[in-house]
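[1] Quick check, what structure comes out for this input:
(one chain, ligands or ions: 2)
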Amino acid sequence: MQGLIEQHTGPLVSARQVTEGFNSEISVVINDSTFVKGLRTDHPRAWTQERERQINPYVRHVTAPLRWSRTEDGWDLNGFDFLDGRAASYKPSSPDLQPIAAMMIQWPTAPDGVELKQASQRWSAYSDRPELFDGAWLSHTDWSPGNVLITGDRAYMLDWAWPTRGARWIDPACWVVWLIAEGHHPAHAEARAARVQAFAAAPDLAVTAFARAQAAMWEDIAENAPHPALDSAATTWVGHRTA
Ligand SMILES: Nc1ncnc2c1ncn2[C@@H]1O[C@H](COP(=O)(O)OP(=O)(O)OP(=O)(O)O)[C@@H](O)[C@H]1O
Ligand SMILES: [Mg+2]
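    Ligands and ions are numbered 1, 2, ... in the order given. All right, here's what the predicted structure looks like:
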């Protein structure tokens, strides 16, 4: 493994395990310049490595560029540029919220060459109107603040393991749930998301259906949720929209 990595990074001087992030079997910073993310090829989510490789060319302006990949000796490794930053804060007073919204408006349309799930498929089990979520845009969908890296006054979106084709407002809407979980009043969370014009212009009916789907999903997977307050945050959001 070390030999494999060194073929790309040069001789190993330092290796620092990243503790944030719990899905990958390997997540390590090599020589302060390369972030290596790896899964065994027989891991049930090994396909997410390939998905990240496919999507990276389309999002290099808002994420860490992928420099190399290797699938060998039972390992699937992706080597990205190391970005020297910190995880975003979603607290109401956070200075990170503005650059995050500015980043989101740079999302491209969903690339034709990459097989992506439709938003209506992703959330069909949690909505009776999932067709309202569809559209032509690329969505990231996993707004855990650990996936948003802040360097200086810029935000970068990491971990494109669950890219989805959907309406342009899907990502700001996913973000709203996290903002509420981190202490925003639902009206303030929506105002933040509305800095992304597509969310401001989204049909009320569709966003309310999406809020309901998020509440149902986070309740369903509460035991494995990445944040304990997501299901109640989504329920609070639904209450706000339907009051
Ligand atoms: N290019 C990078 N530069 C610097 N740090 C990075 C980079 N990519 C990822 N990280 C850090 O490593 C962590 C884990 O990366 P990532 O989220 O891609 O993997 P993961 O194992 O799928 O994580 P999780 O399962 O928690 O979502 C990130 O939260 C971030 O702190
Ligand atoms: Mg992650």
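
[2] State whether V36 is indeed within a helix.
    No: V36: not assigned to a helix; according to DSSP: H, G, I helix; E, B strand; the rest coil it is strand.

[3] Make sure T63 is actually in contact with E52.
    No: between T63 and E52 there is no contact under Cβ atoms under 8 Å: 9.2 Å. All C-beta spots, glycine's among them, are computed from the backbone N, C-alpha and C.

[4] tell me, what's touching the two both at once?
    W160 (Cβ atoms under 8 Å, 6 or more residues apart in numbering).

[5] So for the lengthiest helix in the chain, mean pLDDT?
    Determined from DSSP state H, the single longest helix within the chain is helix 204-220. Averaged across helix 204-220, pLDDT comes to 97.

[6] buried set for that helix?
    Under the neighbour-count criterion of 16 or more other Cβ atoms under 10 Å, helix 204-220 has 206-218 buried.

[7] ditto for stretch 226-241
    Buried residues in stretch 226-241 (16+ other Cβ under 10 Å): 226-227, 229-231, 233-238, 240-241.

[8] same check, this time on stretch 96-109
    Buried, per 16+ other Cβ under 10 Å, within stretch 96-109: 96-97, 99-101, 103-104, 107.

[9] now stretch 179-192
    Under 16+ other Cβ under 10 Å, the buried positions of stretch 179-192 are 179-182, 184, 186, 189-190, 192.

[10] From start to finish, how long is stretch 179-198 in a straight line?
    End-to-end span of stretch 179-198 (Cα to Cα, to the nearest Å): 18 Å.

[11] for this structure, what spans make up the strands?
    15-17, 26-30, 34-40, 66-72, 75-81, 86-87, 117-118, 137-139, 148-151, 154-157, 164-166 (DSSP state E).

[12] Just say which of these is most tucked in.
    Ranked by mean neighbour count under mean count of other Cβ atoms under 10 Å, those are led by strand 164-166, which reaches a mean of 26.

[13] Packing partners of it?
    strand 117-118, helix 119-122, strand 137-139 (3 or more Cβ pairs under 8 Å, 6 or more residues apart in numbering; DSSP states H and E).

[14] The ones you listed into JSON lines, with extra columns for mean pLDDT and distance to ligand 1?
    Shown next, in JSON lines, are the helices and strands packed on strand 164-166 (pLDDT from 0 to 100; distance: least, Cβ to the nearest ligand atom, whole Å):
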{"stretch": "strand 117-118", "mean pLDDT": "96", "distance to ligand 1": "17"}
{"stretch": "helix 119-122", "mean pLDDT": "98", "distance to ligand 1": "17"}
{"stretch": "strand 137-139", "mean pLDDT": "98", "distance to ligand 1": "16"}
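
[15] In this structure R195 contacts Q98, no?
    Yes: between R195 and Q98 a contact is recorded at 7.5 Å, counting by Cβ under 8 Å.

[16] circling back to that earlier point, including distance to R129, could the strands of the chain go into TSV?
    Formatted as TSV, the strands of the chain follow (distance: least, Cβ to Cβ, whole Å):
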stretch	distance to R129
strand 15-17	44
strand 26-30	37
strand 34-40	35
strand 66-72	36
strand 75-81	36
strand 86-87	34
strand 117-118	14
strand 137-139	17
strand 148-151	29
strand 154-157	27
strand 164-166	14
